[in-house]
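Enquirer: Based on what follows, work out the 3D shape:
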Amino acid sequence: MAIPDDVALADARERARSAETLDELKELLDGFDGCNLKITAKHTVFGDGPKTADLMFIGEAPGRDEDMAGVPFVGRSGQLLNRMLEAIGLEREAVRVTNTVPWRPPGNRAPTLAETQICLPFVQRQIELVRPKIVVCLGSPSAKAILGSAEGILRMRGKWQSYSFDLAADATIPAIAMLHPAYLLRQAAQKRLAWRDLLALKAKLDELR
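Expert: Okay, the predicted model is just below:
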């Protein structure tokens, strides 16, 4: 039986809000059946990296490699992300990575707006628990979901914004949108823009540290 979106969303919010640790949040997500993407996915791809991290990268959804491994950013785009981090002196092991949607959509299609909204409370709570110094949205879908921006990624990238916690109105984190590594693999000429954004990210991180 299909669960109405409002019921699933209320359930997602209640589960996410009740989690006091990342382990609890993962367990609650594993038991959540309100998103139909879970039916066709092999694994729930929750997040990877330290439980507290200065940087948190958020993509759109797992791909085939991520679905097989149960870990975000392990395919070609993940390897490129690792090289991008290395270029500014960061190790992948030092950052937190996740996606707005934890299950791979069938055929690698984009998640629908409803699917993204139902999963959003879990990634929002993950941000709250990790408490990064900076949130980085990789690609337009992530930036639209997390930052509420209606602009395309090429207009939105490189501009500093604030991410606000739902549960604490005074808690904000610097946030920036960047081009997704998967996009850079298709559009190599845009790597110059990505390099600019990486340098801005490094400068902001140094400033906050």
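
Enquirer: May I ask you to confirm that residue 134 is in contact with residue 54?
Expert: Yes. Applying C-beta atoms under 8 Å, one finds residue 134 in contact with residue 54, separated by 6.8 Å. No exception for glycine: its C-beta is placed from N, CA and C like everyone else's.

Enquirer: Please, where are all the helices along the protein?
Expert: Assigned helices in the chain, in chain order: 5-18, 22-30, 37-40, 64-69, 76-87, 113-130, 140-147, 153-156, 181-186, 191-208 (criterion: DSSP state H).

Enquirer: residues contacting residue 179?
Expert: 138, 139, 153, 157, 187, 190, 193, 194, 197 (C-beta atoms under 8 Å, 6 or more residues apart in numbering).

Enquirer: Residue 27 versus the fourth one, what's the distance?
Expert: Taking C-beta to C-beta, to the nearest Å as the measure, residue 157 and residue 27 are separated by 35 Å.

Enquirer: and what of residue 143?
Expert: In this structure, residue 143 and residue 27 are 28 Å apart, going by C-beta to C-beta.

Enquirer: biggest strand in the protein by residues?
Expert: Taking DSSP state E as the assignment, the strand of the chain that covers the most residues is strand 172-178.

Enquirer: just the angle between that strand and helix 76-87, please?
Expert: Strand 172-178 and helix 76-87 are oriented at 120 degrees to each other (axes from the mean of the first three to the mean of the last three C-alpha atoms, to 10 degrees).

Enquirer: Noted, bye for now.
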